[in-house]
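Peer 1: need a 3D model of the following:
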Amino acid sequence: MSALVALLLLLGLILPPPALGSAGRASALDSGDPEVARLESGGRLFEAHCAGCHLQGGNIIRRGKTLKLAALERNGAADPAVIATIAAVGIGQMGGYGQALGEGGAAAVAAWVWQQAQDGWPRG
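Peer 2: As a prediction, this is how the structure comes out:
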């Protein structure tokens, strides 16, 4: 199983990150929109710290604990504040990443994850 995990981690490093979503958000990035900047930061943090286990919103450890909208709703995590808390302090087998994500990082990742879940985790 460790070879599978290593392969998935490697794929997480070489595959392009998922798209931030609609073209409207991309054009807002050019205008300096702070929410878009936060989403972009959250996406970068997700790729660096979360995508190894949650590639494209999935979960290589526990299939039912994905970041897809239906799973977030089923698991009581369909709220960016809840997602941020889980990212920061962890839950179940997942440890917390608050220190690694830095100040405001958990909230940025949560906003990005929530946006991806709303958009159906589009492929980048």
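
Peer 1: which helix or strand contains residue 72?
Peer 2: Remark: residue 72 resides in helix 69-74, with elements defined by DSSP states H and E.

Peer 1: what packs against the following helix or strand past that helix?
Peer 2: Later in the chain than helix 69-74, the nearest helix or strand by DSSP H and E is helix 80-89. For helix 80-89, the packing partners by 3 or more C-beta pairs under 8 Å, 6 or more residues apart in numbering; DSSP states H and E come out as helix 98-101, helix 105-118. Glycine gets a C-beta too; all of them are placed from N, C-alpha and C.

Peer 1: name the residues that touch the first one?
Peer 2: Identification of contacts with helix 98-101 by C-beta atoms under 8 Å, 6 or more residues apart in numbering yields 45, 49, 87-89, 105-106, 108-109.

Peer 1: distance from stretch 106-122 to the middle of the chain?
Peer 2: 6 Å (C-alpha atoms, centre = their mean, to the nearest Å).
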